[in-house]
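Q: Fold the following and give me the result.
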Amino acid sequence: MRKTAMSRRTLLGAGGCALAAAAAIPQIGNARAEAALSPRNETTVRKYYKGWEIKDWRAFDMLLTDDFTFTSPIDAHISKGAFKTGCWDTQTPFIGRFDLEHVAGTGNEAFVMYLCHTTNGKTFRNVEYLRLKGDQVEAVECYFGGQNSYTSAVATQK
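A: The predicted model follows:
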């Protein structure tokens, strides 16, 4: 094995680099933790789906921002009022419960894959993207397959 002599200057320089690297490591670790969906945001997401089950528009309305929009294959960025009339009022009678199979996200954005159970015992699966603002839902984009992949279509099948 070969021995290499190191000057104090080289040793101090190497120590300074090591110290700088060690100081950066907690920041890297924190950046990853902060990028994940926070417990607060996950709670908001879960309240959104629980609201459908409880069927209380007043409480649900408070969970949505004033400028809330909803998008799906049949709805293009509709307002909260249009969402209530076209989605909430027509679909809540058919919703039994949601099994949230995957909730993942970063910051104020979440993707949810769920299995919805209709009131007549049928099921369907969708994926939704939610954008959050504070403790409220600002936007939802619902992704479903065919025409039989939303609540009333499934619930009214024989």
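
Q: Average pLDDT for stretch 121-130, rounded please.
A: Averaged across stretch 121-130, the pLDDT comes to 94.

Q: got it, and stretch 80-90?
A: Across stretch 80-90, the average pLDDT comes to 96.

Q: Ok, stretch 60-73 next?
A: 96.

Q: Could you export stretch 105-115 as CSV, CA atoms only?
A: C-alpha atoms of stretch 105-115 as CSV (Å, rounded to 0.1, in the frame of the first residue of the first chain):
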residue,chain,number,x,y,z
GLY,A,105,-49.5,13.0,-4.6
THR,A,106,-47.0,15.8,-4.2
GLY,A,107,-47.5,19.2,-2.7
ASN,A,108,-51.1,20.3,-3.4
GLU,A,109,-51.8,17.6,-6.1
ALA,A,110,-53.2,14.1,-5.5
PHE,A,111,-54.2,11.2,-7.6
VAL,A,112,-56.8,8.8,-6.2
MET,A,113,-57.7,5.4,-7.6
TYR,A,114,-61.0,4.2,-6.0
LEU,A,115,-63.5,1.5,-6.2
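
Q: May I see the buried residues of it?
A: 105, 110-112, 114 (16 or more other C-beta atoms under 10 Å). Glycine gets a C-beta too; all of them are placed from N, C-alpha and C.

Q: residues touching the residue nearest to residue 47 when sequence neighbours are not counted, list them.
A: Excluding the flanking residues, the one nearest residue 47 by C-beta to C-beta, 6 or more residues apart in numbering is residue 63, at 5.8 Å. Going by C-beta atoms under 8 Å, 6 or more residues apart in numbering, residue 63 touches 44, 47-48, 51, 135-137.
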